[in-house]
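Peer 1: Fold the stuff below for me.
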Amino acid sequence: MLSLGSGGGKTAKPSFVSYVSPEEIKKKDGNDDLKPHLLPGELVICEANTVVKYSREDSLQRGFYGKLICTNFKISFLSAEQLMDDVDQSYRNKLMGENDISLLCVDQIYGVYDDKKKPLLPGAIKNKIPEKLLLYCKDFRVFQFGLRYSKEEDARRLIRGIVHHCLNPTSLKCLFAFSYVGPAGGLKVGPGAEREPSTLMFETKVDWKVELERTGGLLSNRIISINENYRLDSRLPQFFAVPSSVTDDDIKKHKGRGIPLWCWSHASGCALLKMATLPETADDSTLQTDKGWTDRLLHVLGETHPSNHMVRTEVLSTTLPTLQEIQASYNRFKQLFLMDNAADFWESDIKWLSTIENANWLEIIRQCLKKALDIVECLEHKNTSVVLVEENCSDLCCVIASLVQVIIDPHFRTISGFQSLIQKEWVMGCHCFLDRCNHLRGNDKEAPVFLLLLECIWQLLQQYPPAFEFTETYMTILSDSMYIPIFSTFLFNSPYQKDNTQMLYEDRNILSRSLKLPTVWEWSLQFENSVQALFYNPLYIGKPKPGNVRRTQRVKDSAQNHLEIVHENFLDVPEPQRQMSLPSSPSYHSRPSPKKGFLREETDNLIKTFLGKKISRLTFTAEDSSIDYRLFYENWCSKPIDHHGLLLPLHNGPALRVWGQRYLRWIPEVQILGGSSTIALNKACEIADEIKKLQTKVSERMLKKQSSSPSADIFAPFQQSSRLSATFPFGTLRRQSIKPRIPVSTNLSMSFGSMENLPDDEEEVGLL
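Peer 2: Model (predicted):
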């Protein structure tokens, strides 16, 4: 380990000072022989020795000496002297190590010149090379590398290679996925690969028929194959479902636009559909004709239903933010978590709540939840079919349609059901993952639309943990997998783009082979079974399966009853010092807000609570003026929660929280060894495992026979709880972090108030 004095992109503000000069470092040759772990098709582009990786756990005062490598897949740091993690090897990602960064995961690159941070762009490195290299990642890791001791030519070549391959990919075929599949040879991926059979891919008519039968929509809808081999339009999947009243001629008229596409069927017979708007035209007569044609389709849709139900169209662009507003809000929000050093963290802590409000990200999540509730009321209470309308029905339509189905249908709260939902609404729904994730950089179409869905689902998961088979670890890993350029799930703008291999290769020999990329659902490519076990929620109340009946009375065994008690006792963890939700203290809301914002809109409801007035589980605002709306929610709130039935999310301010595991897992200042919700989950796994063993013994005694083999630990505890923190299983704290007791700035120290209120111990920082 190296002691390097003050470091970081800015002048170090903590009061800690290292008195060991860099000249005292003893160079070692052990790193020269280190070899990176390369995947099939992965090639080393450039590398540099004698690179220092700074350690955030030591406030950038220490680091590790090693080799920095750039390949056509990732940036990797190798060090012979870096301490091994306390996390067992079985919890590691097979594709990415702790010090590996996918090229797609790099968000911004900065160089430090004389303690000044400057962005590095392609072609910008000409003369002087930076002293330090800062990499800001889309999964919120921040890497800082010192280049002072590297050979100048190696460092220059390394920086140019990293900047070029991270920020300047020219075409889709430059992504590593195609290099990975080509030379892989015996690697079996695609339809012939081992895959969870219960995850429907919706690439065939059979999958669509299975889902229509499951939801009871087969009588009023039909499967369309008119676009097989994409002969009608490239912005449609090969197979999809539409109401039976829609004819093939209707679909051909505008190549699928203006046609209600089936999403989900309610038990009452109404349905959730989505529709792309018709092409804009300046001709008034054509516009009126198209409008009349669309109205006729929707009118026939209602009349053909046995109960002659109503049809409501919901134009999402009039009630939800635009993609540009969503992207701008997320850019402001993510700056809260991309920090160079501990000083930046403690500065941001002072204005944490106001920054969250100004970012407006939680407000956008609230609006999506509220819109989904409106749609659910139509389907559940008013027996009304809803048609979601958007320009291409591939962005916010995907968010709201998926959220509504998770709220109503418990099948989509299981792992296989949720994965099938992503395939149906997002992959086959032609969501532009390539553009929205900005994999090719430099486009103006970037927007975190899929992440917005995961944020909304995470809010539901926190409010009703026993209702979901998967955990937040599963969701966090899923969000990380968007930036691993191997899986076809998140690489393309449409199924047509994925299947059209001619646009990727010009070599006839390669064209003769069918390009088969793995999907993200092939988790065995990334993780061993021990990690995949972390995807399953030990508190999940499993639903009995009497055939294919979707709505049945909940039946719980004794183990599930015990797990509900575990949920109440162990997941009710105290709030961290850095609040993860909007504040609810009287003193806070007694201060007037200069403008109407996310906090201000919830003030009246919170004041009612402080005055001791009883309010329902869901808080209603002025916009919820409908009497039917109130009756619907009051009726639901008056009944016990059925985790296999309807789950209405809380969408008032204090109920919405920041996704701590995703955003704060890499910040050591907020971690506590032996603390956080990870410990609660570990304890729940211990109890669930003990209950399972006891049930096995009881069964054996009742049957008067011995088990032929020991039962496997389904929910085995992770490891010693004293070494766990909220970073698990993504990393582990190697040592206690050095945080400033008193900020250097006089203004900052006065903002904290009395020095007696400053935290003394690591445990006072809070837990996630």
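Peer 1: how about the strands of the stretch 251-400 of the chain, start to end?
Peer 2: For the stretch 251-400 of the chain, strands defined by DSSP state E, counting those that start in this stretch occupy the ranges 261-265, 271-276, 311-315, 385-390.
Peer 1: Quick check: buried residues in the longest helix anywhere in the chain?
Peer 2: Ranked by residue count and defined by DSSP state H, the top helix of the chain is helix 677-703. Neighbour counts over helix 677-703 (16 or more other Cβ atoms under 10 Å) mark 677-689, 691-692 as buried. The C-beta positions use only the backbone N, C-alpha and C, and glycine is treated the same way.
Peer 1: what's the closest of the residues you listed to Asn99?
Peer 2: Checking the buried residues of helix 677-703 against Asn99 by Cβ to Cβ gives Thr678 as the nearest, at 21.9 Å.
Peer 1: Can you give me every residue that contacts Ser79?
Peer 2: Residues near Ser79 by Cβ atoms under 8 Å, 6 or more residues apart in numbering: 31, 34, 53, 64-67, 99.
Peer 1: Hmm, which of the residues you listed is lowest in pLDDT?
Peer 2: Looking at the contacts of Ser79 by pLDDT, the weakest one is Asn31, with 59.
Peer 1: Setting aside sequence neighbours, what's the nearest residue to Ile101?
Peer 2: Ile75 (4.4 Å; Cβ to Cβ, 6 or more residues apart in numbering).
Peer 1: where does the stretch 1-150 of the chain have low pLDDT?
Peer 2: Confidence mapping of the stretch 1-150 of the chain against pLDDT under 70 gives the ranges 1-32, 57-61, 82-91, 124, 126.
Peer 1: The residue nearest to Ile101: what secondary structure?
Peer 2: Of the three states, Ile75 takes strand under DSSP: H, G, I helix; E, B strand; the rest coil.
Peer 1: thought it was touching Ile162?
Peer 2: Yes: Ile75 is within contact range of Ile162, at 6.1 Å (criterion: Cβ atoms under 8 Å).
Peer 1: Mutual contacts of those two, please.
Peer 2: Common neighbours of Ile75 and Ile162 (Cβ under 8 Å, 6+ apart) are 106, 135.
Peer 1: Now stretch 353-362 - C-alpha only, CSV.
Peer 2: Extracted C-alpha coordinates of stretch 353-362, given in CSV (Å, rounded to 0.1, in the frame of the first residue of the first chain):
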residue,chain,number,x,y,z
LEU,A,353,-32.9,17.8,1.0
SER,A,354,-33.0,21.0,-1.0
THR,A,355,-30.8,19.3,-3.7
ILE,A,356,-33.2,16.4,-3.9
GLU,A,357,-36.2,18.7,-4.3
ASN,A,358,-34.5,20.9,-6.9
ALA,A,359,-33.5,17.8,-8.9
ASN,A,360,-37.2,16.9,-9.3
TRP,A,361,-36.4,13.2,-9.8
LEU,A,362,-38.7,12.0,-7.0
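Peer 1: Enumerate the positions of it that are buried.
Peer 2: Neighbour counts over stretch 353-362 (16+ other Cβ under 10 Å) mark 353, 356-357, 359-362 as buried.
Peer 1: wait, which of those is closest to Cys393?
Peer 2: Using Cβ to Cβ, the buried residues of stretch 353-362 come closest to Cys393 at Trp361, 24.0 Å.
Peer 1: Might you report the residue contacts of that closest one?
Peer 2: 329-330, 332-333 are the contacts of Trp361 under Cβ under 8 Å, 6+ apart.
Peer 1: Most widely separated two among the residues you listed?
Peer 2: Greatest spacing in the contacts of Trp361, by Cβ to Cβ: Tyr330 and Arg332 (7.4 Å).
Peer 1: and those two? which has more neighbours close in?
Peer 2: Neighbours were tallied for Tyr330 and for Arg332 using other Cβ atoms under 10 Å; the higher tally belongs to Tyr330 (20 against 14).
Peer 1: which residues touch the residue lying closest to that one once chain neighbours are set aside?
Peer 2: Leaving aside its chain neighbours, Tyr330 sits nearest to Pro448 (4.9 Å; criterion: Cβ to Cβ, 6+ apart). For Pro448, the contact set (Cβ under 8 Å, 6+ apart) comprises 326-327, 330, 436.
Peer 1: Can you give me the distance of Asp107 to Ala177?
Peer 2: Distance of Asp107 to Ala177, computed by Cβ to Cβ, to the nearest Å: 20 Å.
Peer 1: who has more neighbours, these two?
Peer 2: Neighbours were counted for Asp107 and for Ala177 using other Cβ under 10 Å; Ala177 has more, 22 against 19.
Peer 1: ok, back up a step: out of the contacts of Trp361, who's nearest Leu298?
Peer 2: Lowest distance from Leu298 to these (Cβ to Cβ) belongs to Ser329, with 32.9 Å.
Peer 1: and the contacts of Pro448 as CSV, adding pLDDT?
Peer 2: Output for those, formatted as CSV (pLDDT from 0 to 100):
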residue, pLDDT
Ile326, 97
Gln327, 97
Tyr330, 97
Arg436, 96
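Peer 1: From the residues you listed, pick the one nearest Leu134.
Peer 2: Among the contacts of Pro448, Tyr330 lies closest to Leu134 (Cβ to Cβ), at 20.7 Å.
Peer 1: Can you give me the neighbour number for Ala372?
Peer 2: 25.
Peer 1: and it, what does it touch?
Peer 2: For Ala372, the contacting residues are 400, 403-404, 407, 456, 649, by Cβ under 8 Å, 6+ apart.
Peer 1: That concludes my questions; thank you for your assistance.
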